[in-house]
Each structure stands twice: as C-alpha cells, then as structure tokens.
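Q: Next input, structure requested:
(one chain, ligands or ions: 1)
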Amino acid sequence: MTMLKDVIINKKTDINPIWIMRQAGRYLPEFREIRKKNSDFIKLCLNQNLATEITLQPLKRFDLDAAIIFSDILMVPYGLNQKVEFKKNFGPLLGDINIEEISEINEDDFVKKINPIYEAINSVRNDEILKNKSTIGFVGAPWTLLVYMINKQSPKIKLKDNFFDDDILIRKILIILEKFLKIHIKNQIKSGAQIIQIFDSWAGLLEKKDLLNYIYSPTLNLVEYTKSLNIPVICFPRGINDYKTYCETVKPDAICIDYEVDPIKISKNIKIPVQGGMDPKVLLTDKENLKKEAKKYLDIFKDHPYIFNLGHGVLPETDPNMMDCLVKIVKDY
Ligand code: 1CP
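A: From the prediction side, this is the model:
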C-alpha cells in the first residue's frame with residue numbers, strides 16, 4: 001500500500017506523505033520549455049507522451065508521494081463539445097452552450113474525444129518512478145464546472161450578474177455533468193488512477209442557502225460513486241468556510257483545506273484525514289519562514305492522519321528550490 005492510501009484508509013498518523021496541487025506546471029522551467037512549443041493547451045493535454053512527461057517532471061526533481069495527472073478540469077466541457085480555449089494572460093475562454101447538442105452526446109463520443117488522458121494515466125501508472133507512490137486522477141466538482149460553462153471565463157475576472165436566471169438550463173447541465181463526470185472518474189480508475197480528487201475551486205462563491213442544490217448533493221453523488229468503485233476520494237471545496245458540515249454531508253474519505261481556514265479548528269472538529277492548508281505564498285518567502293510555516297501544519301496535525309499539500313495550487317513564480325526545501329522539511333519531520 002502506498003503512503004497516501006495508508007493515511008487515507010488506515011488513518012496512519014506516523015507518516016506525512018506530500019504532493020502539491022499544480023505540482024506539474026508553470027513554476028518548472030522544463031514545463032515552460034514544452035509549453036513554449038505547444039501553444040494549444042488542450043492539444044497538449046491530449047498528447048499522451050507529453051502529458052506523461054509533464055506529469056512525471058516534478059517527481060524526477062522532488063521526493064513526492066504522488067503524481068497528479070497533467071490535464072485540466074475543463075477537459076470535461078471540452079469533451080461535451082463546448083469550445084474551450086486558454087488565452088495567454090487571461091485564462092480559460094469558453095464558447096456558448098448549445099444544450100440540445102450537449103444533450104445528444106453519448107459516452108462513446110465523449111470518451112473518444114478525451115481518450116489520450118486515459119492513455120497518459122496508464123503510462124504514468126506503469127512508470128518505474130511511481131513504484132510505491134500513488135497516481136491521482138481528478139475531476140472538477142459539478143458546481144465549479146457549471147461556473148466555467150455558464151460564465152465562459154474565470155469568475156476571478158467577473159461572475160455574470162444574471163448567472164442563476166436560467167434555472168432550467170442549470171438543472172439540465174448539472175444532470176449531464178453528473179453523468180459524464182462519473183464516466184470520466186470510471187475511466188481514470190480503469191486506466192490506473194488510485195485516488196480521485198474533486199476540485200471545487202469556486203465553492204466559496206455560493207451563499208449558504210444554495211449549498212445543498214449546487215454543492216452538497218451533486219458532489220455527494222460523485223463521492224458515493226467513486227467509493228462504490230473502491231477508490232478513495234479527496235474533496236477540495238475551496239472557500240467553503242463550514243468544512244465540518246461539508247464533511248458530514250458529502251462524506252469524502254479525506255478533505256483538502258484551503259489556506260484561509262484555521263487548521264487548529266479543523267484538527268479539533270474534523271475526524272477524517274486532512275490534506276493541505278499552507279498558503280502557497282509561503283513558498284515565495286525564505287527558507288526559514290517556510291520551515292516555520294510547514295512545521296506549524298505538521299505540528300497541528302501531528303496526531304491526525306495528514307497529507308501535506310498547499311491550500312491552493314503552487315504559484316507560477318515559485319522557485320523550484322523552495323519546493324525542494326519544502327519536500328525535505330516534510331520528509332525530515
Ligand atoms: O501554461 C498554461 O498557461 C497552462 C496553465 C495550466 C496548467 C498547468 C492550466 C490552465 N491548467 C493546468 C493544469 C491543471 N489544472 C492541473 C494539472 C495537474 C497538477 O499539476 O495539479 C490540474 C489538477 C488543474 C485543475 C484546475 N484547472 C482547476 C482546479 C484547481 C485550482 O487551481 O483551483 C481549475 C480551476 C482549472 C481551470 C484552469 N485551467 C487553467 C487555468 C489558467 C484555469 C483557470 C483558473 C482561474 O479561473 O483563474
């Protein structure tokens with residue numbers, strides 16, 4: 001059993017595995033080298049050999065305990081025939097939704113369109129470097145995908161004023177997303193993913209009254225489905241505030257926390273294994289501060305099953321030497 005699974009399933013507290021959200025990506029010069037030559041991000045995600053290579057890049061540098069497959073949550077809207085582009089200095093830009101067209105897509109069309117992702121998972125899983133380490137597959141949570149599909153750009157830029165107006169459209173999309181996210185989860189597992197993480201990066205945008213409809217119940221369905229395939233599932237509802245209710249309602253096997261919540265409160269209130277928390281900006285400071293901040297999390301979760309990670313993705317301006325230092329701090333703890 002890998003360390004990661006041992007923490008999640010057997011609730012081990014004497015080991016602290018580490019992996020980092022967005023560990024494969026923009027802060028690594030070897031990624032930027034490949035990215036420079038591949039201006040179409042979707043095509044890059046669908047290039048089996050390059051996706052495999054990029055996934056393994058951070059593992060060649062650092063003693064991380066898991067690989068997260070190089071792909072994107074927006075590959076699902078892409079598989080559903082919504083236009084998805086990544087524009088430089090802007091982020092994702094999606095096309096209009098044609099609900100009739102999306103409703104007609106079947107499993108075969110969807111799988112065919114994004115099949116190289118599954119092939120990349122398979123080659124990552126079989127790489128020597130992953131012996132005794134975990135391969136993590138992922139999906140975006142239905143709510144976060146809905147945000148991108150309807151808003152058509154990052155809500156960081158602006159969330160449409162009339163976002164919730166077309167209630168019928170929203171309900172139709174959520175049903176379609178549930179079906180195809182399950183297909184995507186199933187195929188990642190079949191190809192070798194040993195753990196699934198569900199990213200709900202925009203969970204913090206909702207008011208409390210809307211959590212049940214948009215977050216709790218659609219995510220619970222995916223969690224139950226993943227568990228039924230005997231694969232542990234980690235949820236990351238960034239900005240949710242009330243992590244306790246989230247865990248009790250959605251029942252993931254482990255919970256990934258963001259950098260705005262108080263880790264002491266989490267360690268007291270939450271019984272399931274915890275992952276993450278440290279502010280990615282700490283990696284932009286100095287080694288002494290990094291040591292202090294990393295130890296803070298390790299100390300707080302000393303008697304709790306805990307997977308080291310950040311409270312959001314590693315920032316592009318991070319010095320890889322700081323990442324190296326972080327991995328060593330966690331391993332030497
Ligand atoms: O070079 C580039 O410009 C591409 C940058 C990039 C990368 C490296 C994007 C565009 N996606 C990714 C990879 C990616 N995305 C991974 C790979 C595995 C890893 O190393 O972790 C994963 C897990 C994701 C997941 C993802 N994509 C999320 C959830 C996690 C999070 O950061 O909150 C989200 C919200 C996206 C959408 C997305 N993809 C890319 C961008 C720029 C964005 C938009 C983010 C925003 O709205 O600001």
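
Q: Enumerate the residues of the stretch 101-250 of the chain near the ligand.
A: Taking C-beta under 6 Å from any ligand atom as the contact definition, the stretch 101-250 of the chain meets the ligand at 138, 154, 156, 199, 201. (Glycine included, C-beta is placed from N, CA and C.)

Q: among these, who's most crowded?
A: Per-residue neighbour counts (other C-beta atoms under 10 Å) across those peak at residue 201, which has 25 neighbours.

Q: Run through the residues that contact that one.
A: 73, 140, 144, 236, 238, 312 (C-beta atoms under 8 Å, 6 or more residues apart in numbering).

Q: so what's the fourth one bridging to?
A: On the basis of DSSP bridges, residue 236 takes part in beta bridges with residue 199.

Q: Torsion angles phi and psi at the residue in the stretch 201-333 of the chain that the ligand sits nearest to?
A: Nearest residue of the stretch 201-333 of the chain to the ligand (C-beta to the nearest ligand atom) works out as residue 201 at 3.2 Å. Main-chain torsions, residue 201, degrees, to the nearest 10: phi -60, psi -20.

Q: picking that back up, which two among the residues of the stretch 101-250 of the chain next to the ligand are spaced furthest apart?
A: Greatest spatial distance in those: 138 and 156, 19.9 Å, computed using C-beta to C-beta.

Q: Show me the helices in the stretch 151-300 of the chain, by range?
A: Taking DSSP state H, counting those that start in this stretch to define them, one finds helices in the stretch 151-300 of the chain at 167-190, 211, 217-228, 243-250, 263-269, 287-300.

Q: most packed of those?
A: helix 211 (a mean of 22; mean count of other C-beta atoms under 10 Å).

Q: Return the distance of the helix or strand hosting residue 329 from the chain's centre.
A: Using DSSP states H and E, residue 329 falls within helix 320-332. Relative to its parent chain, helix 320-332 has a centroid offset of 21 Å by C-alpha atoms, centre = their mean, to the nearest Å.

Q: That helix vs the ligand: in contact?
A: No. Using C-beta under 6 Å from any ligand atom, helix 320-332 stays clear of the ligand, with a minimum separation of 12.0 Å.

Q: Outside of that helix itself, list whatever touches it.
A: If you take C-beta under 8 Å, 6+ apart as the criterion, helix 320-332 is touched by 16, 18, 20, 23, 27-29, 58, 61-64, 283-284, 287, 290-291, 294-295, 298, 308, 314.

Q: ok, 7 Å please
A: Contact partners of helix 320-332, identified using C-beta atoms under 7 Å, 6 or more residues apart in numbering, comprise 16, 18, 27-28, 61-64, 283, 287, 290-291, 294, 298, 308, 314.
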